[in-house]
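J.: need the 3D shape of this:
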Amino acid sequence: MKVGELARILKAQWLRKVDPELSINSFSIDSRDIQRNDCFIAINGFNQDGHRFVKDVRDVVSCIVVEKRNPILKGYHTNVLYVNDTKNALKKVALTLRKTQNTCTIAITGSCGKTTTKEMLSHVLSHFYKTNSSPYSFNNEIGISLTLANHSNDMVNIIEAGINHKGEMEGLSRLLRPNIICITSIGLAHLEGLSDIQQIKNEKFKLAEHASNGAVCILPIDLAEDFKAKYPNIRIVSFGDSKDADIVLEQCELGYNMVIITVNGRKFYLKCFSDNIINSFLVTYAVCDLLKISDESLQEAFTSFALPPLRMERIVLDDYTVIGDCYNSNPTSCESALRQFSRILHPARKVIILGSMLELGTFSRGFHSKIIELAVSLGFKDLLLVGKEFSSVKDDFPWFESAEDLLQFVNGYLLPNDLILVKGSRVMQLEKVIHLLSRGKFNPEVFVKKNSLLEV
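T.: Okay, the predicted model is just below:
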């Protein structure tokens, strides 16, 4: 895209000092990531106003898109396009490119497993096609717009779509116009903005609202009937352990750092320590089946897949073994982690460090209480609880307001050869515990801070 074309798309005001023939390599909203001949879009975020960093990028970029009335830019004229709303400008770029470029867009949503499914799909399909996918968990309107704005004529576009309030998903569907809709699961998450499981399901289904002609929806078989009632013209590919599913899960065997999944009569080996990836695998397998990729071609691609950091990640340290699952947490994923942890055979003590689950609204106290009850019912006695949401339901278990408070206690509590599950939302920063236990050896690059501007 050239600067002049961008100005027309945005109906922007611009000055003669802007060269309309300059090419734009990519779009960015982060001045730290700017490359030569990019377009910098200055967005006013929660913590920073991008307009403050215009001077840092002006000598590198092809052009800068800013809001007309921002006082920071008074008297600044070089290579600037003026618009009313820069967030809307980014969305216009994304919509234009999505409509004009002939790509297969795969959109993924669900209460758990979105990012893992996106990463697995991207990894596997990259063996067969040129692909583009959401960075990290860029799954809200700005994150998706940025991802779409930066894809070229890639054959497959793999995008994660997340919501935490009613009414958000239809807008994401309009942006994405998906060819393949993937729903990993429906569970209890974001109850502060989505009041119950039925509303969660209804909102997730709306990813199909503006689907492309001939679209296909891949989803768990127990959701198929309800989805068909809402979108009878969209073909369904169902998965699950029922013989009535299109993609039939026949067996799942969990070994040391390996999961063996038998589907439609064929075994696949994944080098992961988690049975939480089953739905991600089944979605990926279903997409590959739609794209006519043979089973024989898939084994190498699946075997070489590695889970994103901090998803039931086995971390072997000098004195302990840690299962790090603190990338995200909600009642559904927390229950799953506890049940999986209970099935691991271990000769020494098992310890659970549980961080708060967020965005549960008025349901918060009840769900945190139920999670403790579940842990006790599974036979766990050594629980360390972190976060204010546990403060009123902690019983006699040690409780800490923050990860920093826990750090002062945990070394004296743990014993050599303990197996430790660390589970909580990213905001709780429980990865600091793993960093401490590893004596600083656990790679800090995997500490992914949630970006509220780009994801939910």
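
J.: span of stretch 51-59 from start to end?
T.: With C-alpha to C-alpha, to the nearest Å as the measure, stretch 51-59 spans 15 Å from end to end.

J.: again with stretch 22-37
T.: End-to-end for stretch 22-37, by C-alpha to C-alpha: 8 Å.

J.: quick one, domains of this protein?
T.: With domains defined by automatic domain parsing, the chain comprises 3-86, 101-303, 313-446.

J.: export those domains to CSV and tack on mean pLDDT and mean neighbour count?
T.: Every residue, glycine included, has its C-beta placed from N, CA and C. Output for the domains of the chain, formatted as CSV (pLDDT from 0 to 100; neighbours: other C-beta atoms under 10 Å):
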stretch, mean pLDDT, mean neighbour count
domain 3-86, 85, 17
domain 101-303, 90, 19
domain 313-446, 89, 18
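
J.: in JSON lines: the ones you listed, plus distance to V93.
T.: Output for the domains of the chain, formatted as JSON lines (distance: least, C-beta to C-beta, whole Å):
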{"stretch": "domain 3-86", "distance to V93": "6"}
{"stretch": "domain 101-303", "distance to V93": "5"}
{"stretch": "domain 313-446", "distance to V93": "29"}
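
J.: L454: which of those domains is closest?
T.: domain 101-303 (3.7 Å; C-beta to C-beta).

J.: how far out from the middle of the chain is that closest one?
T.: Relative to its parent chain, domain 101-303 has a centroid offset of 11 Å by C-alpha atoms, centre = their mean, to the nearest Å.

J.: now do the residue nearest to P308 when sequence neighbours are not counted against S297, distance only.
T.: Take P308 and drop its neighbours on the chain: the residue closest to it by C-beta to C-beta, 6 or more residues apart in numbering is E119, 5.3 Å away. From E119 over to S297 the distance is 19 Å, taken as C-beta to C-beta, to the nearest Å.

J.: packing partners for the helix or strand hosting the residue nearest to P308?
T.: Taking DSSP states H and E as the criterion, E119 maps to helix 114-125. Applying 3 or more C-beta pairs under 8 Å, 6 or more residues apart in numbering; DSSP states H and E, we find helix 114-125 packed against strand 104-109, strand 131-133, strand 156-160, helix 278-290, helix 295-303.

J.: again, 6 Å this time
T.: Helix 114-125 makes packing contacts with strand 104-109, strand 131-133, strand 156-160, helix 278-290 when contacts are defined by 3 or more C-beta pairs under 6 Å, 6 or more residues apart in numbering; DSSP states H and E.

J.: how about the first one as PDB, C-alpha atoms only?
T.: The C-alpha trace of strand 104-109 is given here as PDB (Å, rounded to 0.1, in the frame of the first residue of the first chain):
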ATOM      1  CA  CYS A 104      -8.700 -18.100   3.800                       C
ATOM      2  CA  THR A 105      -9.400 -16.600   7.200                       C
ATOM      3  CA  ILE A 106      -9.700 -19.000  10.200                       C
ATOM      4  CA  ALA A 107     -11.200 -17.400  13.300                       C
ATOM      5  CA  ILE A 108     -10.900 -19.100  16.700                       C
ATOM      6  CA  THR A 109     -12.900 -18.400  19.800                       C
END
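
J.: can you give me the strands for the stretch 51-200 of the chain?
T.: For the stretch 51-200 of the chain, applying DSSP state E, counting those that start in this stretch gives strands covering 63-67, 80-83, 104-109, 131-133, 156-160, 180-183.

J.: and the contacts of the longest one?
T.: Contacts made with strand 104-109 from outside it, assessed by C-beta atoms under 6 Å, 6 or more residues apart in numbering, are listed as 114, 117-118, 156-161, 176, 178-183, 204, 207.

J.: can the helices and strands packed on helix 114-125 go into a markdown table with extra columns for distance to R58?
T.: Supplementary listing: the helices and strands packed on helix 114-125 in a markdown table, determined by distance: least, C-beta to C-beta, whole Å:
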| stretch | distance to R58 |
| --- | --- |
| strand 104-109 | 34 |
| strand 131-133 | 28 |
| strand 156-160 | 31 |
| helix 278-290 | 42 |
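
J.: quick one: closest of the ones you listed to R343.
T.: helix 278-290 (13.9 Å).
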